[in-house]
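Novice: Could you work out the structure for the sequence below:
(one chain, ligands or ions: 1)
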Amino acid sequence: MRTQVAIIGAGPAGLLLGQLLHKHGIDNVILERQTAEHVLGRVRAGVIEQVTVDLLDEAGVGARLHADGLVHDGVQICVDGVRHRLSFKELTGKTVMVYGQTEITKDLMDGRAAVGAPTIYSAHDVALHDFFGQKPRVTYRAGGKSHEIACDFIAGCDGFHGISRKSVPASAITAHERVYPLGWLGILSDTPPVSEELIYVHHPLGFALCSMRTPTRSRYYIQCSLAEDIESWVDERFWEEIRPRLDDEARERLVTGPSIEKSIAPLRSFVAEPMRFGRLFLAGDAAHIVPPTGAKGLNLAASDVRYLSQALVEHYAEKSAAGLDHYSERALARVWKAERFSWWMTMLLHRISENPFDQKLQLAELDYLFRSKAAATAFAENYVGLPY
Ligand SMILES: Cc1cc2nc3c(=O)[nH]c(=O)nc-3n(C[C@H](O)[C@H](O)[C@H](O)COP(=O)(O)OP(=O)(O)OC[C@H]3O[C@@H](n4cnc5c(N)ncnc54)[C@H](O)[C@@H]3O)c2cc1C
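Specialist: Residues are numbered from 1 along each chain as shown. Take a look at the predicted model:
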């Protein structure tokens, strides 16, 4: 088989890239290790920046998002039982959209099926070859047979644990990493959210987040240790842990019910530099990870895809290599801003240190955020998404 761009991974980055390239007449094949059902079953991101919404519109898959997504004008931060609201609309004129990653993935899968572009699910032993030369290839096994795809470029959109980044010689790549000593235990339940806006909770018992997917489906997280066994977290235990962290109003409005999904996500900051290796380009979680506190992971994946799709269009339509040559530099400039913001929010809101000095500093910084318009504006600008 031959294609112009072989895309590894059918997460949001790979599917969005495929859709944008197809719109510009660029052939692409997506290879995905899992089944489509497995990919759709992963409950993750929920807060979508306006620039990501615009890109999904450009890809022609925004209709359901505009019909069902929830526009949020602001966010609330609860410190030791007292809630403070930060209005994005007033501070920046912008908003964010709450719409689940699973729904975005479904919209992208449906869009791809509608145009008949190929995705090979359950592709095993994917291997990348010759990407430092002129004729890269990808091999894989599917249906009990070995296959090979010859291509012009490879897009590594296969997430943090994927094969693309691992295929690069260690001498050509630098990894920067911070692992936090905690994780997020999250549950999804078909119960109405405690608030119309997200509530980030700073509390001596630890961080919590009250989020949602729809007016009848809630997503809650609490900070947990990395040693936690998910099996020991029966639903009642989760509700008992989150309840005391909330303010009185939220506690009164909390409707508990059976979880329909429950998972633990470790918190990590990671950046691999550069993001281009000859004819291989990394995008999304394959190149960088942020702790979920700033809601930036999927949005960063989308901004990488924006730069990469534009660069590939320039290459094919205008015979210009400028976009491809600058891809890594442009993407990383945005990545590091999101890394800083996600790290800052994580350090501000979680109980990480038992040193009372660090805890007092957190409270002083939160107080500054609520009192200073400059601090609140900087927060809101980062949360809604910096311009490209
Ligand atoms: C709890 C939690 C909450 C989050 N909340 C937010 C939020 O509110 N906002 C936000 O922007 N982000 C959020 N994120 C982050 C977001 O989910 C990720 O950044 C996003 O999924 C990245 O997309 P991706 O396509 O780069 O990678 P992935 O979604 O990881 O997709 C990679 C794909 O590649 C496939 N793959 C892997 N290896 C191979 C291989 N060898 N061969 C073929 N295929 C392979 C995988 O199966 C997968 O389908 C959150 C994450 C978590 C865990």
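
Novice: Please make it C-alpha for all contacts and neighbour counts, starting now.
Specialist: Noted.

Novice: Residue 102 contacts residue 41, doesn't it?
Specialist: Yes: assessed by C-alpha atoms under 8 Å, residue 102 is found in contact with residue 41 at 7.0 Å.

Novice: out of those two, which sits in the busier spot?
Specialist: Neighbours were counted for residue 102 and for residue 41 using other C-alpha atoms under 10 Å; residue 102 has more, 19 against 12.

Novice: Now the more buried one: phi and psi?
Specialist: phi -60, psi -40 (degrees, to the nearest 10).

Novice: and residue 301, what does it touch?
Specialist: Taking C-alpha atoms under 8 Å, 6 or more residues apart in numbering, we find residue 301 in contact with 12-13, 283-285.

Novice: Now do it against residue 317, distance only.
Specialist: Residue 301 is 24 Å from residue 317, where distance means C-alpha to C-alpha, to the nearest Å.

Novice: And for residue 251?
Specialist: Taken as C-alpha to C-alpha, the span from residue 251 to residue 317 is 57 Å.

Novice: Could you do residue 159 as well?
Specialist: For residue 159, the distance to residue 317 - C-alpha to C-alpha - is 29 Å.

Novice: neighbour count winner among the two?
Specialist: Relative neighbour count places residue 159 above the other of residue 159 and residue 317, with 25 against 12, counting by other C-alpha under 10 Å.

Novice: Just to be sure, the more buried one is in a strand?
Specialist: No: counting by DSSP: H, G, I helix; E, B strand; the rest coil, residue 159 is not part of a strand but coil.

Novice: Please tell me how far residue 165 sits from the ligand.
Specialist: Distance from residue 165 to the ligand, counting by C-alpha to the nearest ligand atom, to the nearest Å: 10 Å.

Novice: And for the nearest residue to that residue once chain neighbours are set aside, the neighbour number?
Specialist: Nearest residue to residue 165 in three dimensions, chain neighbours excluded: residue 286, at 6.4 Å (C-alpha to C-alpha, 6 or more residues apart in numbering). Using other C-alpha under 10 Å, residue 286 has 26 other residues around it.

Novice: residues in contact with residue 204?
Specialist: Residues near residue 204 by C-alpha under 8 Å, 6+ apart: 80, 351.

Novice: same thing but 10 Å
Specialist: Shown in contact with residue 204 (C-alpha atoms under 10 Å, 6 or more residues apart in numbering): 79-80, 245, 350-351, 359.

Novice: and those residues, which are buried?
Specialist: Buried by 16 or more other C-alpha atoms under 10 Å: 79-80, 245, 350-351, 359, out of the contacts of residue 204.

Novice: from those, which is closest to the ligand?
Specialist: Checking the buried ones among the contacts of residue 204 against the ligand with C-alpha to the nearest ligand atom, the nearest one is residue 350 at 14.9 Å.

Novice: and the closest residue to the closest one other than its chain neighbours, how far is that from the ligand?
Specialist: Nearest non-adjacent residue to residue 350, counting by C-alpha to C-alpha, 6+ apart: residue 207, 4.9 Å away. Counting by C-alpha to the nearest ligand atom, the separation of residue 207 from the ligand is 14 Å.

Novice: what sits against residue 207?
Specialist: By C-alpha under 10 Å, 6+ apart, residue 207 lies in contact with 78-79, 184, 200-201, 221-224, 242, 245, 346, 348-352.

Novice: And the helices in the stretch 101-250 of the chain?
Specialist: In the stretch 101-250 of the chain, the helices defined using DSSP state H, counting those that start in this stretch lie at 101-115, 235-242, 248-253.

Novice: Pull the number of nearby residues for the nearest residue to residue 88 once chain neighbours are set aside.
Specialist: Nearest residue to residue 88 in three dimensions, chain neighbours excluded: residue 74, at 4.8 Å (C-alpha to C-alpha, 6+ apart). By the measure other C-alpha under 10 Å, the count of residues near residue 74 is 22.

Novice: got the contact list for residue 74?
Specialist: Contacts of residue 74 by C-alpha under 10 Å, 6+ apart are 85-91, 94-96, 196-199, 380, 383-384.

Novice: give me that answer again for 8 Å
Specialist: By C-alpha under 8 Å, 6+ apart, the neighbours of residue 74 are 85-89, 95, 197.

Novice: overlap between these and the residues near the ligand?
Specialist: When C-alpha under 6 Å from any ligand atom is applied, no member of the contacts of residue 74 is adjacent to the ligand.

Novice: Among those, name the ones in strands.
Specialist: 85-87 (DSSP state E).

Novice: quick check, nearest of those to residue 258?
Specialist: residue 85 (29.4 Å; C-alpha to C-alpha).

Novice: Can you spell out which residues form a bridge with that closest one?
Specialist: residue 76 (DSSP bridges).

Novice: Check the burial of it by counting its neighbours.
Specialist: 14.

Novice: got the contact list for the nearest residue to residue 120 once chain neighbours are set aside?
Specialist: What sits nearest to residue 120 in space, not counting adjacent residues and going by C-alpha to C-alpha, 6+ apart, is residue 31, at 4.9 Å. Residue 31 makes contact with 6-10, 119-121, 123, 126, according to C-alpha under 8 Å, 6+ apart.

Novice: With distance to the ligand and mean pLDDT added, can I get the helices of the stretch 101-250 of the chain in a markdown table?
Specialist: Listed next are the helices of the stretch 101-250 of the chain as a markdown table, based on distance: least, C-alpha to the nearest ligand atom, whole Å; pLDDT from 0 to 100:
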| stretch | distance to the ligand | mean pLDDT |
| --- | --- | --- |
| helix 101-115 | 7 | 97 |
| helix 235-242 | 16 | 98 |
| helix 248-253 | 21 | 97 |
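
Novice: before we move on, could you check phi and psi at the residue nearest to residue 120?
Specialist: The phi/psi pair for residue 31 (degrees, to the nearest 10) reads phi -110, psi 120.

Novice: How about residue 26?
Specialist: phi -100, psi 120.

Novice: Give me the neighbour count for residue 388.
Specialist: Neighbour count for residue 388, taken as other C-alpha under 10 Å: 11.
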